[in-house]
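Q: 3D, please:
(one chain, ligands or ions: 1)
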Amino acid sequence: MAPVTDVDAIVVGGGHNGLVTAAYLAKAGRRTLVLEARDQVGGTAGSEGFAGATVNICNCDHITFRTTPVMQDLGLEQFGLRYDDIEPGGVGMSWTEPEGPAWAHWHSLDATLGGLARTHPGEVDGYRRFAKRAMPAAAAILAAAAEPPTLAGLTRLALRKLFAGIPTVWAWSRRSAADVIRSYFRHDALTAVAMASGPMVWGISPELPGTGLGALGYAMRHVARVGRPVGGSGMVPAALRASVEHHGGTVRTGARVAAILCDGNRVIGVRLDDGTEITAPVVVSAADPRRTFVEWLSHAPAGADSLIKRWSGHRAEDGYESKIDAVISAPPTLRGSEHPLSSTHTIAPTIAEMDAAHRQLGAGTVIDRPALFVNVPSLLDPTIAPPGRHVLSIEILLTPYAHPGGWAASSEPRRWLELVDSLCENDLLGSIEEYRVMTPEVYERDFNLPRGHATSFAGGPLAALRNPDPELTRYQTAVPGLFITGAATFPGAGIWGASGRNCATVVLGTTG
Ligand SMILES: Cc1cc2nc3c(=O)[nH]c(=O)nc-3n(C[C@H](O)[C@H](O)[C@H](O)COP(=O)(O)OP(=O)(O)OC[C@H]3O[C@@H](n4cnc5c(N)ncnc54)[C@H](O)[C@@H]3O)c2cc1C
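A: Residues are numbered from 1 along each chain as shown. The predicted structure is shown next:
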């Protein structure tokens, strides 16, 4: 007879991926418990109150979430989740020409080409060639992400006429993103902006071989729509939590898992940091994999020795991004752009500077002209700002984890604000009423990201087939009953939910 357990499944971590897994498990009738260390769910997909406003932890341009069936499957609209589409989906500028002209990146390819014909006529042909090659590859990646990656699954994709994209996925995944992008574009406003929202947001140099799929960003935005949840990014985890609870699951916040318990053969539950033990035959870790396997496993079966040894050998990586949230009295406009800041404006350093920024991380310094993602989300969604005020969001890359003298005393954040101010028509600095700075040490302290590193699965679906850490693509681990999801697993970072959904498919398909 099976032992009586407190619940059927425990999910460790209530980020959006953990909540997606939990909601599918609860919907399938499993007694499911989510344990989240923070006092609210959502992790880096969440929103917080600040100075009377709602601010997002992430930049909140959601591209991939609505490409999955998660919203429909889990009834998230019924729980209050609505999206605003953002048009243009992005605006690009480079520090080489800070006065512009900026170019707009619309969902419609024709509208984008039409705009480029005015702002960067020499790039129109390259963009057309790029789109022809890259859009099928972007579509293939989105389709591949919708199920756990297997050779059989990729073969099915090929049969579903998505084959057109697969040779590009194969060829580009072996090149560097910078190499790919330079074969289509010449102007920094095109090449560098693509790299800023590609490898740079993953904290790696665009010159690194194997990063080629990081060149697909523009194509992704023609295949999928950029949107923001009305009320802030946190509406996604809030709706997911409601879905878990609606289907009979339980979500506990302020519950920090200290150990994943095994009986020498398989998983049997978890222990919280206050000593409470909760039993379950299935545990899904939706938190950092290295912590999961190296720090939390207790009395693991002998079959997991090589898993634990392999992950012990993985160095914990350093965080590399920062964000400023401000409440402002008047929305700024950028001199070089004719578009409102409801759309994220990317101001990118050259690819050479990005490469230098990556090498400089070890010394703890930030390059003179970092990549900036600037938007005023309250222009589109006034519900997030206090009456008569606006919210300014600036993401800054690359910013090191270990900064000489520490981040609290650093003059860097003020310099980033001055850099944005130098691009504005109006007095941005004078309009700031309150601001807060999120640096890697804040993400480590407040969001439980080891060394402040927001992780991502490296590579695309083909890399997934030959990944040296198979649990990141199979969601199943060498410990019977222990599963893993989250941004470190396929298909990677972003408010996407595909990893959470794939993990639920594996759990439901392999456990009774
Ligand atoms: C500055 C920044 C900007 C970004 N901008 C965008 C963007 O514009 N668009 C986009 O799509 N993506 C963006 N992202 C990426 C995106 O936010 C993440 O990839 C995604 O939210 C990761 O979700 P997750 O559920 O996998 O992990 P997380 O959100 O990290 O969730 C993990 C959860 O586990 C919890 N946890 C950890 N340890 C324990 C424990 N011991 N016990 C219990 N709970 C625990 C954590 O508190 C956390 O809630 C951005 C990220 C950052 C940092």
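
Q: Surely residue 463 is in contact with residue 173?
A: Yes - look at residue 463 against residue 173 with CB atoms under 8 Å: they come within range, at 6.2 Å. Any C-beta I mention is one placed from the backbone N, CA and C, and that applies to glycine too.

Q: and those two? which has more neighbours close in?
A: Using other CB atoms under 10 Å as the criterion, residue 463 and residue 173 rank with residue 173 on top: 21 against 18.

Q: For stretch 398-417, buried residues please.
A: With burial defined by 16 or more other CB atoms under 10 Å, the residues of stretch 398-417 counted as buried are 398-403, 407, 410, 412-413, 416-417.

Q: avg pLDDT for it?
A: Stretch 398-417 shows an average pLDDT of 96 in the prediction.

Q: Same check on stretch 335-344?
A: Model confidence over stretch 335-344 averages 98 on the pLDDT scale.

Q: next one: stretch 497-508
A: Computed over stretch 497-508, the average pLDDT equals 98.

Q: I would like the residues contacting that stretch, please.
A: Stretch 497-508 is contacted from outside by 9, 16-21, 24-25, 28, 30, 64-65, 68-70, 73, 145-148, 282, 284, 286, 457, 474-476, 483-487, 489-492, using CB atoms under 8 Å, 6 or more residues apart in numbering.

Q: Next step: those restricted to strands.
A: 9, 282, 284, 483-484 (DSSP state E).

Q: anything in stretch 491-510 sitting right up against the ligand?
A: Yes - Stretch 491-510 comes into contact with the ligand when judged by CB under 6 Å from any ligand atom, the residues involved being 493-495.

Q: Restricted to helices, list the residues you listed.
A: When DSSP state H is applied, the residues of stretch 491-510 next to the ligand are split such that none fall in helices.

Q: and which of those residues is nearest to residue 83?
A: Set against residue 83, the nearest of the residues of stretch 491-510 next to the ligand by CB to CB is residue 495 (11.1 Å).

Q: following whichever strand or helix holds residue 395, which helix or strand shows up next?
A: Assigned by DSSP states H and E, residue 395 falls within strand 390-397. Past strand 390-397, further along toward the C-terminus, the next helix or strand under DSSP H and E is helix 412-423.

Q: now residue 50: how far from residue 226?
A: Taking CB to CB, to the nearest Å as the measure, residue 50 and residue 226 are separated by 24 Å.

Q: Looking at the two, which is more packed in?
A: Neighbours per residue (other CB under 10 Å) separate residue 50 from residue 226, with residue 226 holding more: 24 against 15.

Q: how about the nearest residue to the more buried one, chain neighbours excluded?
A: Nearest residue to residue 226, sequence neighbours excluded (CB to CB, 6 or more residues apart in numbering): residue 89, at 3.7 Å.

Q: Tell me who's in contact with the one you found.
A: For residue 89, counting by CB under 8 Å, 6+ apart, the contacting residues are 61, 63, 105-107, 221, 225-226, 343.

Q: repeat for residue 87
A: When the contact criterion is CB under 8 Å, 6+ apart, the partners of residue 87 are 106-107, 343.

Q: Neighbour count added to those, as TSV?
A: Conversion of these to TSV gives the following (neighbours: other CB atoms under 10 Å):
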residue	neighbour count
106	19
107	17
343	25
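
Q: of these, closest to the ligand?
A: Comparing the contacts of residue 87 against the ligand with CB to the nearest ligand atom picks out residue 343 as the nearest, at 12.4 Å.

Q: wait, the closest one sits on residue 90?
A: Yes - with contacts defined as CB under 8 Å, residue 343 counts as touching residue 90 at a distance of 6.1 Å.

Q: Quick check: neighbours shared by the two?
A: Counting by CB under 8 Å, 6+ apart, the residues touching both residue 343 and residue 90 are residue 104.

Q: how about the residues of this protein near the ligand?
A: Of all the residues in the chain, those lying near the ligand are 12-18, 35-38, 43-45, 58-62, 256-257, 286-287, 321, 323, 395, 447-448, 454, 486-487, 493-495, going by CB under 6 Å from any ligand atom.

Q: Take those and keep only those in helices.
A: 16-18, 447.

Q: Show the buried residues in the residues you listed.
A: Buried residues within those, defined by neighbour count using 16+ other CB under 10 Å: 16-18, 447.

Q: Output the residues you listed in TSV; the columns should cover pLDDT.
A: Converted to TSV, those look like this (pLDDT from 0 to 100):
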residue	pLDDT
16	98
17	98
18	99
447	97
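
Q: Of the residues you listed, which is the nearest to residue 433?
A: The nearest member of these to residue 433, counting by CB to CB, is residue 447 at 25.1 Å.

Q: I'd say that closest one and residue 44 touch.
A: Yes - here residue 447 reaches residue 44: they are 5.9 Å apart, a contact under CB under 8 Å.

Q: okay, and the common contacts of these two?
A: Any residue near both residue 447 and residue 44 by CB under 8 Å, 6+ apart counts here, and that gives residue 57.

Q: Residue 152: neighbour count?
A: The local packing of residue 152 (other CB under 10 Å) involves 9 other residues.

Q: ok, now how distant is it from residue 3?
A: Distance of residue 152 to residue 3, computed by CB to CB: 35 Å.

Q: One more: residue 114?
A: The separation that residue 114 has from residue 3, given CB to CB, amounts to 65 Å.

Q: Pick out whichever of these two has more residues nearby.
A: In this view residue 114 and residue 3 are compared by other CB under 10 Å, and residue 114 has more residues nearby, 13 against 8.

Q: you'd agree the more buried one is in a strand?
A: No - counting by DSSP: H, G, I helix; E, B strand; the rest coil, residue 114 is not part of a strand but helix.

Q: For the residue nearest to residue 448 when sequence neighbours are not counted, grab phi and psi.
A: Nearest residue to residue 448 in three dimensions, chain neighbours excluded: residue 37, at 5.6 Å (CB to CB, 6+ apart). Reported as degrees, to the nearest 10, the phi and psi values for residue 37 are phi -70, psi -40.

Q: all helices for the stretch 51-200 of the chain, in order.
A: Chain-ordered helices for the stretch 51-200 of the chain, with DSSP state H, counting those that start in this stretch as the definition, fall at 70-73, 109-119, 124-144, 151-159, 166-172, 177-182, 188-196.

Q: now what about the helix or strand following the last one, what contacts it?
A: Going down the chain from helix 188-196, the next helix or strand is helix 217-223, by DSSP H and E. The set of residues that contact helix 217-223 without belonging to it, under CB under 8 Å, 6+ apart, is 63-64, 67, 89-90, 105, 107-109, 112, 127, 130-131, 134-135, 137-139, 141-142, 194, 197-198.

Q: next structured bit after helix 217-223?
A: strand 227-229.
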